[in-house]
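Visitor: Give me the fold of what follows.
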Amino acid sequence: MSLSEANFYRANEFLPDRFLPDAIRPAEFDNDRRNNQKPFGLGARSCMGKSFALAEMRLVLARLVWRFDLSLAPGKQVDWNELKTFMVVQKEPINIAITARSVVEE
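Guide: The predicted structure is shown next:
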């Protein structure tokens, strides 16, 4: 399904822009059937390794936070009072700067 031209424009190419929100997604991907993507499957035949994959993603994120300093990118502030709130806060992009932490030997 993922590589079918019936479902995706230029299906054999890695084009992550196709999964951007509707407001900023390029028009060439308007007819893509993005709802047929179920990375881990559904129901009784879902992926056995789903919990392992999710745990590994948490580990990778923890290691990134441990090894790098994250800060707001210069000139890119988020006004938290301007975010739309319904049941949860509507997410907006937060531009960050990533710098390697210096290792101090003791």
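
Visitor: quick one: contacts for the residue nearest to residue 94 when sequence neighbours are not counted?
Guide: Nearest residue to residue 94, sequence neighbours excluded (CB to CB, 6 or more residues apart in numbering): residue 78, at 5.5 Å. C-beta: built from backbone N, CA, C; applies to glycine. Residues in contact with residue 78 (CB atoms under 8 Å, 6 or more residues apart in numbering) are 72, 92, 94.

Visitor: just residue 46 next, same as before
Guide: Counted by CB under 8 Å, 6+ apart, residue 46 has contacts residue 40.

Visitor: Return the per-residue confidence for it.
Guide: In this model, residue 46 is scored at 85, pLDDT.

Visitor: ok, now how distant is it from residue 39?
Guide: Separation of residue 46 from residue 39 (CB to CB, to the nearest Å) stands at 10 Å.

Visitor: and what of residue 29?
Guide: 18 Å.

Visitor: Return the residues in contact with residue 15.
Guide: Residues near residue 15 by CB under 8 Å, 6+ apart: residue 29.

Visitor: Now do the SS call for residue 9.
Guide: coil (DSSP: H, G, I helix; E, B strand; the rest coil).

Visitor: Which phi and psi values does it adopt?
Guide: Phi and psi for residue 9, reported as degrees, to the nearest 10, are phi -70, psi 130.

Visitor: In this protein, where is pLDDT below threshold?
Guide: 80, 86-87, 89, 103-106 (pLDDT under 70).

Visitor: let's see it at 80
Guide: 1-2, 37-39, 42, 76-94, 102-106 (pLDDT under 80).

Visitor: all strands of it, in order?
Guide: Listed in chain order, the strands of the chain (DSSP state E) span 68-72, 96-100.
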